[in-house]
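Trainee: Give me coordinates for this.
(one chain, ligands or ions: 5)
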Amino acid sequence: MALREAERLKVVLNHLDHPSVNIHTSFTSAENVSYHHPVAFKYTLDTDVLSPEQRLAYEENGFILIKNLVSEEDIDRFRNEFERICTRDVKIPGLVIMRDVSIAKSEFVQGEKAVTKLQDFQEDPELFRYCSLPQILKYVECFTGPNIMAMHTMLINKPPDTGKKTSRHPLHQDLHYFPFRPADRIVCAWTAMEKINQQNGCLVVLPGTHKGTLKEHVYPEWEGGVNKMYHGITDYNPNHPRVHLEMEKGDTVLFHPLLIHGSGMNHTEGFRKAISCHYASADCQYIDVKGSTQENISKEVEELARKRLGSETTLTFQDTWVFRGRLVQGDRTSL
Ligand SMILES: CCCCCCCCCCCCCCCCCCCC(=O)SCCNC(=O)CCNC(=O)[C@H](O)C(C)(C)COP(=O)(O)OP(=O)(O)OC[C@H]1O[C@@H](n2cnc3c(N)ncnc32)[C@H](O)[C@@H]1OP(=O)(O)O
Ligand SMILES: Nc1ncnc2c1ncn2[C@@H]1O[C@H](COP(=O)(O)OP(=O)(O)OP(=O)(O)O)[C@@H](O)[C@H]1O
Ligand SMILES: O=C(O)CCC(=O)C(=O)O
Ligand SMILES: [Fe+2]
Ligand SMILES: [Mg+2]
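Mentor: Numbering: from 1, shown residues only. Ligands and ions are numbered 1, 2, ... in the order given. You can find the predicted model right below:
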């Protein structure tokens with residue numbers, strides 16, 4: 001134990017010699033922590049990628065924002081591919097094209113304007129390039145370690161709100177959807193595909209909530225309706241500070257799967273776009289969610305699998321993740 005503390009201290013101290021860090025402004029916190037209370041890092045691993053203040057920020061807040069991580073050129077390519085999918089120029093196996101619930105039964109909306117989310121693009125080489133970008137994996141490894149699985153992929157096209165407030169995403173923890181652990185070895189990368197602010201419905205996070213436990217999730221009672229599987233937490237502290245993550249095109253936030261987050265209404269006429277991937281250490285283990293707060297989502301997913309693949313399907317919640325996961329670095333050891 002003492003040896004591990006010493007190793008941790010060494011990491012912090014090593015960073016003190018790092019030439020790119022400004023000793024006068026940024027070091028104070030890392031220095032204080034390391035001398036006065038040896039740092040017990042729980043949420044991050046020892047790599048040379050995160051600066052001491054980035055590392056402490058993630059430990060404390062459960063997220064870090066990296067400016068300008070994905071190039072314009074790459075984002076424009078993802079956007080192009082998104083359009084080809086919406087117009088049905090390409091068909092990708094396993095990919096789910098989801099409409100906003102407010103227009104789900106409308107025949108009159110077509111193309112990109114009818115799509116609120118692409119889910120599971122792991123079989124599309126062009127979009128899946130996002131999940132393998134080396135500059136993203138370099139950060140992801142700080143949380144997952146070297147064996148990395150891309151477990152869940154999405155391109156979110158938050159529509160202008162129709163007035164029913166269905167463009168909101170209720171406050172939730174992504175871990176609710178995942179039957180694998182440990183949670184600390186899972187991380188989401190979420191990249192803005194354009195300028196995203198409060199007007200068009202940016203991410204809203206409750207800093208520090210990753211230190212809590214997984215909460216119960218249910219459909220919120222919203223008058224205008226709620227999108228399929230958009231479960232939310234009812235039992236959160238309404239006075240907890242909220243941070244609106246305003247981002248530029250290419251900025252990327254990495255966040256912990258227990259961090260409570262959601263997104264507000266899109267008050268603009270544009271479709272707000274973001275691309276994301278949930279990564280997990282390939283060393284994670286599947287868990288049985290029976291009797292836990294995750295039982296409701298597991299039943300809902302299994303029901304959807306039966307609807308899609310036929311009523312005789314015996315696919316479990318865990319199986320759906322085995323099929324979707326793709327190795328992006330190292331060895332597929334467990335997941
Ligand atoms: C090998 C694997 C196969 C097994 C597949 C199982 C995969 C499940 C994936 C879901 C896991 C989600 C994991 C997320 C983890 C990270 C955290 C992210 C948090 C979220 O974002 S959760 C929300 C994401 N939700 C989904 O992705 C739900 C998946 N969506 C769908 O399955 C379909 O898009 C949907 C909504 C069922 C529509 O199916 P579709 O066949 O395209 O549509 P139909 O026109 O036939 O409509 C069927 C029926 O559904 C109603 N409908 C349509 N859209 C919506 C909507 N947005 N919300 C609510 N209801 C909707 C439609 O009106 C029809 O209703 P009827 O009454 O007429 O039957
Ligand atoms: N009445 C509500 N009940 C439950 N959750 C809500 C409610 N209103 C908003 N939320 C959720 O709270 C989070 C932040 O939304 P909030 O409304 O604060 O965003 P905002 O960006 O301030 O948007 P707006 O300007 O539309 O109010 C989102 O996840 C949203 O879905
Ligand atoms: O609104 C968004 O882009 C975020 C949605 C989200 O948190 C999710 O799908 O898990
Ligand atoms: Fe989420
Ligand atoms: Mg609001």
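
Trainee: Next up, the contacts around the closest residue to ligand 2 within the chain.
Mentor: When distances are taken as C-beta to the nearest ligand atom, the chain approaches ligand 2 most closely through residue 262, which lies 2.0 Å from it. No exception for glycine: its C-beta is placed from N, CA and C like everyone else's. Residues near residue 262 by C-beta atoms under 8 Å, 6 or more residues apart in numbering: 168, 169, 170, 171, 172, 203, 204, 232.

Trainee: Make sure the fifth one is actually in contact with residue 231.
Mentor: Yes - contact between residue 172 and residue 231 holds when scored by C-beta atoms under 8 Å: they sit 6.1 Å apart.

Trainee: Are there residues contacting both of the two? Which ones?
Mentor: The overlap between the contact sets of residue 172 and residue 231 (C-beta under 8 Å, 6+ apart) consists of residue 217.

Trainee: ok, for residue 285, nearest residue in space, not its chain neighbours?
Mentor: Of all residues beyond its chain neighbours, the one nearest residue 285 is residue 334 (5.9 Å), with distances taken as C-beta to C-beta, 6 or more residues apart in numbering.

Trainee: just residue 190 next, same as before
Mentor: Counting by C-beta to C-beta, 6+ apart, residue 276 is the residue found nearest to residue 190 once chain neighbours are left out, at 4.2 Å.

Trainee: List the residues that contact that neighbour.
Mentor: Shown here is residue 276, whose contacts under the criterion C-beta under 8 Å, 6+ apart are 153, 154, 155, 156, 188, 189, 190, 191.

Trainee: and it, which of the three is it?
Mentor: When classified by DSSP: H, G, I helix; E, B strand; the rest coil, residue 276 comes out as strand.

Trainee: How about residue 74?
Mentor: Going by three-state DSSP: residue 74 is helix.

Trainee: how deep is it tucked in, by neighbour count?
Mentor: The burial metric for residue 74, expressed as a neighbour count using other C-beta atoms under 10 Å, is 18.

Trainee: Dihedrals phi and psi, the residue nearest to residue 123 when sequence neighbours are not counted?
Mentor: Of all residues beyond its chain neighbours, the one nearest residue 123 is residue 93 (4.8 Å), with distances taken as C-beta to C-beta, 6+ apart. Reported as degrees, to the nearest 10, the phi and psi values for residue 93 are phi -60, psi 140.
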